[in-house]
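> Fold the following for me, if possible:
(one chain, ligands or ions: 1)
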Amino acid sequence: MNPTIGYVTCPHCGNQGATVHREKRAGKRLYYRCYDGPAGECGTVQIRGPGGQAWITANMRPVEGEEQDAAVEDAAHEAREDAREEIRTERRRHHQEQRRGGLGALLRRAGDVILNEQEGGEA
Ligand SMILES: [Zn+2]
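Numbering: from 1, shown residues only. Sure thing, here's the model as predicted:
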């Protein structure tokens, strides 16, 4: 079983000791296990969408020391990835604009020439 990284109060039964874990597979999503509810277990609760992940993150009480570093490392890693992606997007946009600017300028010049000739012909 994945280590307990925190606790949440189970929204289904009010058990304050539902344990939060992190998936090992890609995505490393959070989930919680409620096996000590007043009416028996709720089970393993996976809410893998962004809203569910946000709920766990906002409501969990992290276990001291346990995975704190990993969580920080993850956040730092994601921030780096975001920054890289932003730079890539920025570069791509820059290239596209350069290309479009060059071609657009050419087309505009060609259009001006044609327009000028037409105007000249009608006058
Ligand atoms: Zn429960």
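
> give me the number of residues near G6?
Number of residues near G6 (other CB atoms under 10 Å) recorded here: 23. Every C-beta, even on glycine, is put in place using the N, C-alpha and C of the backbone.

> from now on call the first residue 42
All right, first residue 42 from here; so that's G47.

> Could you count how many residues lie near A59?
Close neighbours of A59, defined as other CB under 10 Å, add up to 28.

> And it, its phi and psi?
phi -60, psi 140 (degrees, to the nearest 10).

> how about it, what does it touch?
Contact partners of A59, counting by CB atoms under 8 Å, 6 or more residues apart in numbering, are 48-51, 73-75, 77, 83, 86.

> same thing but 6 Å
Residues near A59 by CB atoms under 6 Å, 6 or more residues apart in numbering: 49, 51, 73, 75.

> Most neighbours out of the residues you listed, which is it?
Greatest neighbour count in those, by other CB under 10 Å, goes to Y73: 26 neighbours.

> same for the ion: which of the contacts of A59 are within range?
Of the residues in these, proximity to the ion by CB under 5 Å from the ion holds for 51, 75.

> Which pair of the contacts of A59 spans the longest distance?
Distances among those were taken as CB to CB; the most separated pair is V49 and C75, at 8.6 Å.

> In JSON lines: the contacts of A59, plus secondary structure and pLDDT.
Shown next, in JSON lines, are those (DSSP: H, G, I helix; E, B strand; the rest coil; pLDDT from 0 to 100):
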{"residue": "V49", "secondary structure": "strand", "pLDDT": "97"}
{"residue": "C51", "secondary structure": "coil", "pLDDT": "97"}
{"residue": "Y73", "secondary structure": "strand", "pLDDT": "98"}
{"residue": "C75", "secondary structure": "strand", "pLDDT": "98"}
